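Enquirer: sharing a model prediction with you, sequence too.
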2 protein chains.
Amino acid sequence: MTTGRETGLQRWLAFVERKDPSALPALVAEQAVFRSPAVHAPQPGRALVVGYLSAAMLVIGPTLRYHRTWQRDTGAILEFSATVGDREVQGVDIIEWDETGLIVDFTVMIRPLSALHAVITEMAARLSPPS
Amino acid sequence: MTTGRETGLQRWLAFVERKDPSALPALVAEQAVFRSPAVHAPQPGRALVVGYLSAAMLVIGPTLRYHRTWQRDTGAILEFSATVGDREVQGVDIIEWDETGLIVDFTVMIRPLSALHAVITEMAARLSPPS
């Protein structure tokens, strides 16, 4: 990867280590897109991307562990595991950075089906506006 | 990747191009494991791995297109898209090869949820024993 993108990966891993949500907006490009494991439509723009990633950090972050990593010129795939409720979650974060190291595309996939259902239920509780 | 594993990737891509199911067993190690997008339990052994990959080729193969590829020392991730029924499927094949180029681990993840449901329905029809 180019230097800016390597920096992006390092900053992401440091963020996941510290889990400080206030640090997230500075990692994400204004035109970034989030592609959720649940919904087909891409979620465009920094505010939505930060919203999804913040909710995901609440749901998956506490038990998140990264395993295998694959890199290419513009981004990386990070394989993760986590526990949500009584479900073991396996997934991948597919992240692309721009040349300055900002996230421009963040795709998440999760297996198996039971784990995806558990994550969707917990994410929905975090993403709903308070009533 | 090491030479044997690069050969494994090339042989897999050639298989996907030709889609000849009789060529599949020769690509898979006896102790291989398949990890489906649907079910938590790993499916061990060449016969099960070949069975799942053969069914997947019937369901996804006709419209399968590979996009981004990531490589590391022991394997690769291939991002794919396909159409199943009226659903657009996006997924990754996470493949590990042994040093002779045989598949030892094959994990599939699919998004979004609607696409995973469509794939599960179609795969079940192919994997059920004839009544």
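Expert: Looks like it came in fine. Numbering: from 1, shown residues only, chains lettered A, B, ... in the order given.
Enquirer: now do A:Pro130, the pLDDT please.
Expert: Note on A:Pro130: pLDDT of 59.
Enquirer: gap between A:Phe106 and B:Asp73?
Expert: 25 Å (C-beta to C-beta, to the nearest Å). In short, each C-beta sits where N, CA and C put it, glycine included.
Enquirer: so what's A:Thr7 up against?
Expert: With contacts defined as C-beta atoms under 8 Å, 6 or more residues apart in numbering or on different chains, the neighbours of A:Thr7 are A:Gly101.
Enquirer: related to what we said a few turns ago, have a look at A:Phe106 and B:Asp73 and say which one is more surrounded.
Expert: A:Phe106 (24 against 8; other C-beta atoms under 10 Å in any protein chain shown).
Enquirer: I'd assumed the more buried one was in a strand, is it?
Expert: Yes - in this structure, A:Phe106 lies within a strand as judged by DSSP: H, G, I helix; E, B strand; the rest coil.
Enquirer: bridging residues for it?
Expert: A:Phe34, A:Ile95 (DSSP bridges).
Enquirer: what pLDDT is listed against it?
Expert: A:Phe106 is given a pLDDT of 98.
Enquirer: then A:Lys19?
Expert: For A:Lys19, pLDDT reads 88.
Enquirer: that one reaches A:Ile60, doesn't it?
Expert: No - the pair A:Lys19 / A:Ile60 is not scored as a contact, 10.7 Å apart, by C-beta atoms under 8 Å.
Enquirer: quick one: which of these two has more around it?
Expert: A:Ile60 (23 against 13).
Enquirer: give the closest residue to the more buried one in space, chain neighbours not counted.
Expert: Using C-beta to C-beta, 6 or more residues apart in numbering or on different chains and skipping residues adjacent in sequence, the residue nearest A:Ile60 is A:Ala82, 4.4 Å away.
Enquirer: give me the helices and strands touching the helix or strand containing A:Leu48, please.
Expert: Per DSSP states H and E: A:Leu48 is located in helix A:46-59. Packing partners of helix A:46-59 (3 or more C-beta pairs under 8 Å, 6 or more residues apart in numbering or on different chains; DSSP states H and E): strand A:28-35, strand A:103-111, helix A:113-127.
Enquirer: let's see 6 Å
Expert: Counting contacts by 3 or more C-beta pairs under 6 Å, 6 or more residues apart in numbering or on different chains; DSSP states H and E, helix A:46-59 packs against strand A:28-35, helix A:113-127.
Enquirer: can you lay out these as JSON lines showing distance to B:Ala38, mean pLDDT and mean neighbour count?
Expert: What follows is those, written out as JSON lines (distance: least, C-beta to C-beta, whole Å; pLDDT from 0 to 100; neighbours: other C-beta atoms under 10 Å in any protein chain shown):
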{"stretch": "strand A:28-35", "distance to B:Ala38": "20", "mean pLDDT": "98", "mean neighbour count": "18"}
{"stretch": "helix A:113-127", "distance to B:Ala38": "5", "mean pLDDT": "93", "mean neighbour count": "18"}
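Enquirer: what residue ranges in chain A score low on pLDDT?
Expert: In the predicted model of chain A, residues A:129-131 satisfy pLDDT under 70.
Enquirer: A:Thr100 - how many residues pack around it?
Expert: Neighbours of A:Thr100 (other C-beta under 10 Å): 12.
Enquirer: how about it, nearest residue that isn't a chain neighbour?
Expert: Nearest to A:Thr100 is A:Gly4, by C-beta to C-beta, 6+ apart, at 5.1 Å.
Enquirer: which strand or helix spans that neighbour?
Expert: Secondary structure from DSSP H and E places A:Gly4 in helix A:3-18.
Enquirer: ok, and for that helix, which residues are buried?
Expert: Of all the residues in helix A:3-18, those buried under the rule 16 or more other C-beta atoms under 10 Å in any protein chain shown are A:Arg5, A:Gly8, A:Leu9, A:Arg11, A:Trp12, A:Phe15, A:Val16.
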